[in-house]
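Participant: need a structure here:
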Amino acid sequence: MTTTVSLRSETSDNASATVTDLEGRLVMLVDVGAGPNRGALTPSDAAILEEAFRSARQQRLPIITVLSTSGVSVGHGIASVAGWGRAAKELVKCSGVVPTLFAACGPVLSGPAFLLGIADVTVFTKDAYAFVSGPQMVQSFTGVPVTTQTLGGADAHARSSGLASLIVADRQAAIEALSAVLFHLPDHVDAFPPLIDTDDPTDRPAMVAATTIPDHATGSYDVRAIITDIVDDGEFLELRAIWAPNLVTGFASIDGHSVGIVANQSQALAGSIDIPAAQKGARFVAMCDAFGIPLLTLVDTSGFLPGKDLEWRGMIRHGAQLAFAYCRATVPRVSLILRKSYGGAYIVMDSRYIGNDLMLAWPSAEVAVMGAKGAVEILHRSATPEERELIEAEYEAKHLTPYPTAERGSISAVIEPQDTRKELASAFNLLASKRERLRPRRHDNSPL
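Facilitator: Next up is the predicted model:
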């Protein structure tokens, strides 16, 4: 371990920051441990965080933060609250400049818990928990008793809130997990993502991918089987696996180049897009775009999940987050339609019409406003069941193939599944020099 800079609080052992060699990469390692008063942050502790984040940004160093704190020190009054606020401001300044990777390794309570939400990626150890309002306050306000783990444990944040990208055993495993994420990211916004050593030939036939799609149109399958077959050495680092499982996100490499993968998962909600899936995809796409990671989108979705509750909770607004993230992304973007791509979801899942660079499709692709059954029910309400069956077959033959869409230029090429790895490697190599000149503006107004 090579240390070049060290910062430490003069009044407690709660916080420290050190520039450290982590798996051959220099990082700013910030450690906030459960010291005096269960790690409650004093003003001087917060000053360590503030200075560490500022220094990392200035030196263009990735930030790895291990966090365990019971909140702010009550004895220091408002100065403690102001302290973590200043630290949060510096962390936000780092966003999109250097990777900000956090590990919750114990309690992370009250205001400082928001730092976990600001970070690019947050890992939880299995015994960690985080919340803004604790069990006693929740019970006094709602009358419902709740445990610490139920309210804000690692499983709750992995399954329900989406805050936890990964759950690991302990502190060391958390640092190793964040190192694995950093493996796919550059040190800073002005650097290229690292090249990843691989002996996996790009012309290797993707035979597993070629046999994964079921013959039956409504059959489900695990899209991870396709992902691991087409990427280098079958290695895929999935993030937020059990939150919004109908959308898969994570990092891999193709021909040694890091790529971010977004894929519909037919095993959950038939791959439909709901509010959590839209949020999950938007956040991941934005992170990849911030650090120059090319995007691969694998499409198999029948559309947005319908429901009164979803509409009332803001399906339009949250669905727009996914469209917005793709529309503003300037990195190389390749999409592949595996099977279904219907309606608005066809557009939102990185179509040519929102700036995609290359749209590929398998022969099994179905690109249409909706499926045959739904279309016939709308267009031929008065038809008999026998007539509808014939019309559906005609609709499928005419509309539910990729070739009419390809003729209109919406699909760049129809490829054979076994050639997928070779075609993707060629596509990303072709797009490696892509650069977009952006008009200056203060910032966009994302539909948060």
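Participant: contacts, neighbours, all on C-alpha from now
Facilitator: Noted.
Participant: middle-most residue in this protein, spatially?
Facilitator: With distances taken as C-alpha atoms, centre = their mean, the residue of the chain nearest its centroid is F284 (2.8 Å).
Participant: That one falls within a helix, correct?
Facilitator: Yes: remark: F284 belongs to a helix, assigned using DSSP: H, G, I helix; E, B strand; the rest coil.
Participant: can you pull the pLDDT of it?
Facilitator: Per-residue confidence at F284 stands at 98 (pLDDT).
Participant: Now do it against L247, distance only.
Facilitator: To L247, F284 is 11 Å away according to C-alpha to C-alpha, to the nearest Å.
Participant: T150: how many residues sit nearby?
Facilitator: Using other C-alpha atoms under 10 Å, the number of residues around T150 comes to 13.
Participant: Am I right that it is in contact with R159?
Facilitator: No: between T150 and R159 there is no contact under C-alpha atoms under 8 Å: 11.2 Å.
Participant: The closest residue to V223 other than its chain neighbours: neighbouring residues, count only.
Facilitator: Leaving aside its sequence neighbours, V223 sits nearest to Q265 (C-alpha to C-alpha, 6 or more residues apart in numbering; 5.7 Å). Number of residues near Q265 (other C-alpha under 10 Å) recorded here: 25.
Participant: in the sheet, who's paired with the closest residue to F284 other than its chain neighbours?
Facilitator: Spatial nearest neighbour of F284, excluding adjacent residues (C-alpha to C-alpha, 6+ apart): T249 at 7.1 Å. Beta-bridge partners for T249, by DSSP bridges, are L239, V262.
Participant: show me the contacts for T249.
Facilitator: 238-241, 260-263, 280-281, 284 (C-alpha atoms under 8 Å, 6 or more residues apart in numbering).
Participant: Farthest pair within the residues you listed?
Facilitator: Spanning the widest gap among the contacts of T249 are A241 and G260, at 14.4 Å by C-alpha to C-alpha.
Participant: Which parts of the stretch 151-300 of the chain are strands?
Facilitator: 166-168, 237-239, 247-254, 257-264, 295-301 (DSSP state E, counting those that start in this stretch).
Participant: what about those strands, which gets the closest to D203?
Facilitator: Taking those one by one with C-alpha to C-alpha, strand 247-254 is closest: 11.2 Å.
Participant: and the angle for that closest one with strand 295-301?
Facilitator: 140 degrees (axes from the mean of the first three to the mean of the last three C-alpha atoms, to 10 degrees).
Participant: still on that earlier bit, in TSV: the strands of the stretch 151-300 of the chain, plus mean pLDDT and distance to C327.
Facilitator: Listed next are these as TSV, based on pLDDT from 0 to 100; distance: least, C-alpha to C-alpha, whole Å:
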stretch	mean pLDDT	distance to C327
strand 166-168	98	28
strand 237-239	98	22
strand 247-254	98	18
strand 257-264	98	15
strand 295-301	97	12
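Participant: I'd guessed G344 sits against G303; true?
Facilitator: Yes: if you go by C-alpha under 8 Å, G344 and G303 touch, sitting 6.5 Å apart.
Participant: Looking at the two, which has the bigger crowd around it?
Facilitator: G303 (23 against 16).
Participant: quick one, what contacts that one?
Facilitator: 272-273, 341-346.
Participant: Tell me the one among those residues nearest to S364.
Facilitator: For the contacts of G303, the nearest to S364 is S341 (10.8 Å; C-alpha to C-alpha).
Participant: Tell me if I'm right that the closest one and S302 touch.
Facilitator: Yes: between S341 and S302 there is a contact at 6.0 Å, judged by C-alpha under 8 Å.
Participant: Give me the common contacts of the two.
Facilitator: Counting by C-alpha under 8 Å, 6+ apart, nothing touches both S341 and S302.
Participant: More neighbours: A241 and G260, which one.
Facilitator: G260 (25 against 19).
Participant: check contacts around the more buried one.
Facilitator: G260 touches 249-252, 285, 288, 293-296, counting by C-alpha under 8 Å, 6+ apart.
Participant: Make CSV from the residues you listed and add distance to S73 to it.
Facilitator: Below are the contacts of G260 laid out as CSV (distance: C-alpha to C-alpha, whole Å):
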residue, distance to S73
T249, 38
G250, 37
F251, 38
A252, 42
V285, 37
C288, 36
I293, 40
P294, 43
L295, 43
L296, 45
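Participant: now those: which count as buried?
Facilitator: 249-252, 285, 288, 293-296 (16 or more other C-alpha atoms under 10 Å).
Participant: In those residues, find the pair that's most separated.
Facilitator: Pairwise distances across those (C-alpha to C-alpha) peak at 14.1 Å, for the pair A252 and V285.
Participant: ok, back up a step: okay, the strands of the stretch 151-300 of the chain in JSON lines with distance to P194 next?
Facilitator: Formatted as JSON lines, these follow (distance: least, C-alpha to C-alpha, whole Å):
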{"stretch": "strand 166-168", "distance to P194": "22"}
{"stretch": "strand 237-239", "distance to P194": "16"}
{"stretch": "strand 247-254", "distance to P194": "10"}
{"stretch": "strand 257-264", "distance to P194": "7"}
{"stretch": "strand 295-301", "distance to P194": "15"}
